[in-house]
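Asks: Predicted model, plus sequence, below.
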Amino acid sequence: MARRLALVLVLATAVGVVAVVHAAASPRDDGDARALIAAARGAVTRYAFSGVVAVEWVAAGKTHRERVPVTEQGGLLVLGSSRRAMGTDSESLVHEANGWFGLSTDGASDAVPDPFGNYDISVGPGDAVAGRPTTLLTAVSRADRSVQERLYFDADTQILLRRVQLDGSQTERSVGFVEMSQPVAATAKPDTPPSTAHRATPLSPGHLGKGWDAPHSLGDGFELVDVYRQPDGSRQLYYSDGLVGMSVFEEKGTLDTDALPHGGRTTTVAGRDARVYETAGGRTVVWGTDKVVYTCVSDASTRTMDTLLAKLPAQPGHGIVARVTHFVLGPFSWE
Amino acid sequence: MTEPRDDLPEELLSAYVDGELTVDERAAVDVQLATSQVWSQLLGEITEVRAAVRSLPVPLAPAGFWESVLLDDPAVTPSRLRVPHPLRWVAGSAAAAVVAVAFVVPSHHTTTPPVATMVDAHASRSSLSQDPVTQLAPIAQPVKLAP
């Protein structure tokens, strides 16, 4: 009896030790992380500051770098000098060749999925960024246990100072302050943003119209958040897993590959022939079916993006109708 | 004096009869005819056939034949050659369908996505759900499309 009791005590102690060690090794600071993420989204509008942001991304094995000035002007966040981007609480503006392009969430749901459903997120002290102490948020994929993102938040203001995205052990993209003034509480009421030459219009995902594909989910936690009609008539479907976004642009027609801009490479992505571009803003994949041209833009990792693209249409239909149509109309180039 | 040639083709005799040879070719054939009994015999046969063909009578078309061909006169056209009414409708419908397909079936227009603009639009949308600095800074410079 005494030996049995001793055995039970040993086992209980072992289980307790394992639990404590596990808790210490993978802290679940959901409350802290949620509060940090929520606070960071509005922090840049609560403070006035200026600085320089370094953007680094990898393309074809080569690391590219750019530096972008960031200032606060009349309550508006202004980025860049040769070409400018602005952000307010509910609207984003980018100055393009033909005027300001605007996109706002007015009328859209803006209900992004909960990142804690797709990542194990932990919070701890981080390295200094631009000379400022930080709180580090680490997001680990629940699917393959790999670190996907490291987010460095200013310890005092919760402003996101640096974002590092990884694919495996490799850094794919990073954006972070290298210089920053001392943030002060914003007092200026935001000026009226510049009038836009063209805007993206929010649409109801349930009323896209015939011929548009809008799957509600692409897997890996990516859910359809909202849909926009672009000025050229194309549709922008915005997906998110709560931490990373992906836009799927759909245009009716067949892809004119010869007219695509130079700089990309033709390759096979998720079983389809596609043109791929790597930019500071993310990876862009272009392909077409017999009716729709798809362009996906995302800063998700290459592996994640390939998984998501597999859920989207790829090849022309191979049913009896498609085959008969191809047989009859193919010789006349009506397809 | 031109010598007879073994490589001279016999087909030249036909052109010789029609007067279509050059001076040199005609001289060569003359030499060949003067020295070759075979060529002389061939020339005689060709001349006979030509004369026989030209002497054949030319048959005349029956009265009203050309009018029936040109005008498709029902009175002249034999009734057994006319298309029955139901088949005429089928043939007409088929022709109309071909014309309709040619004009009604839409031709898929080709399109080229404005890649740089779409990169901007994605960053703009992302900046509304996530941190605006890290989302907009990458597009604050002109988009560079790299492989």
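Replies: Happy to help now that I have it.
Asks: Confirm that residue A:215 sits in a strand.
Replies: No - going by DSSP: H, G, I helix; E, B strand; the rest coil, the assignment for residue A:215 is coil, not a strand.
Asks: Verify the stated contact: it with residue A:310.
Replies: No - when contacts are counted by CB atoms under 8 Å, residue A:215 is not listed as touching residue A:310 (11.6 Å). Placement of C-beta: from N, CA and C, glycine included.
Asks: Helices of the chain, residue ranges please.
Replies: Using chain A. Remark: helices assigned in chain A by DSSP state H are A:2-25, A:30-46, A:302-309, A:320-329.
Asks: Please refer instead to chain B.
Replies: B:12-18, B:23-35, B:37-54, B:65-71, B:85-104, B:115-129, B:132-136.
Asks: okay if I get these as CSV plus distance to residue A:256 and mean pLDDT?
Replies: Shown next, in CSV, are the helices of chain B (distance: least, CB to CB, whole Å; pLDDT from 0 to 100):
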stretch, distance to residue A:256, mean pLDDT
helix B:12-18, 58, 81
helix B:23-35, 60, 84
helix B:37-54, 63, 78
helix B:65-71, 50, 66
helix B:85-104, 23, 68
helix B:115-129, 13, 87
helix B:132-136, 30, 87
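Asks: To residue A:289, which of the ones you listed lies closest?
Replies: Minimum separation from residue A:289 across the helices of chain B (CB to CB) falls at helix B:115-129, 17.6 Å.
Asks: Show the contacting residues for whatever residue of chain B ends up closest to chain A.
Replies: Nearest residue of chain B to chain A (CB to the nearest CB) works out as residue B:140 at 2.9 Å. Residue B:140 makes contact with A:68, A:79, A:80, A:83, A:84, A:85, according to CB atoms under 8 Å, 6 or more residues apart in numbering or on different chains.
Asks: Excluding chain neighbours, give the residue nearest to it in space.
Replies: The shortest distance from residue B:140 to any non-neighbouring residue, by CB to CB, 6 or more residues apart in numbering or on different chains, is to residue A:80 (2.9 Å).
Asks: circling back: among the contacts of residue B:140, which lie within strands?
Replies: With strands taken from DSSP state E, the overlap with the contacts of residue B:140 comprises A:68, A:79, A:85.
Asks: Quick check: pLDDT value at the closest residue to residue A:178 other than its chain neighbours.
Replies: Excluding the flanking residues, the one nearest residue A:178 by CB to CB, 6+ apart is residue A:54, at 4.7 Å. pLDDT for residue A:54: 96.
Asks: Quick check: residue A:303 vs chain B, distance?
Replies: Going from residue A:303 to chain B by CB to the nearest CB, to the nearest Å gives 19 Å.
Asks: typo on my end, it should be residue A:314
Replies: For residue A:314 relative to chain B (CB to the nearest CB), the value is 16 Å.
Asks: what's the distance between that residue and residue A:125?
Replies: Distance, residue A:314 to residue A:125, by CB to CB, to the nearest Å: 45 Å.
Asks: and of the helices of chain B, who's closest to residue A:64?
Replies: helix B:115-129 (14.2 Å).
Asks: touching chain A at all, the closest one?
Replies: Yes - residues of helix B:115-129 contacting chain A under CB under 8 Å from any CB of the partner chain: B:115-129.
Asks: what about residue B:89, neighbour count?
Replies: Counted with other CB atoms under 10 Å in any protein chain shown, residues neighbouring residue B:89 total 11.
Asks: for residue A:193, that is, sorry about that
Replies: 18.
Asks: and what of the one 5 residues further on?
Replies: Residue crowding around residue A:198 was assessed by other CB under 10 Å; the count is 15.
Asks: now residue A:118, nearest residue through space, not along the chain?
Replies: In space, residue A:118 is closest to residue A:221, 3.5 Å off (CB to CB, 6+ apart).
Asks: quick one, phi/psi of whichever residue of the stretch 1-150 of chain A sits closest to chain B?
Replies: Closest approach of the stretch 1-150 of chain A to chain B (CB to the nearest CB) occurs at residue A:80, with a separation of 2.9 Å. Note on residue A:80: its backbone torsions stand at phi 90, psi 160 [degrees, to the nearest 10].
Asks: Please list all residues in contact with it.
Replies: Counted by CB under 8 Å, 6+ apart, residue A:80 has contacts A:68, A:69, B:137, B:140, B:141.
Asks: cool, residue A:158 as well?
Replies: Counted by CB under 8 Å, 6+ apart, residue A:158 has contacts A:36, A:39, A:40, A:43, A:135.
Asks: now residue B:120
Replies: Going by CB under 8 Å, 6+ apart, the list of residues near residue B:120 reads A:94, A:96, A:101, A:281, B:139, B:143.
Asks: what's the burial count for the first one?
Replies: Going back to what we said before, that points to residue A:94. A count of nearby residues for residue A:94, using other CB under 10 Å, gives 26.
Asks: Wait, it touches residue B:124, no?
Replies: Yes - using CB under 8 Å, residue A:94 is in contact with residue B:124, at 5.8 Å.
Asks: intersection of neighbour lists for those two?
Replies: Joint contacts of residue A:94 and residue B:124 (CB under 8 Å, 6+ apart) are A:85, A:101, B:136, B:139.
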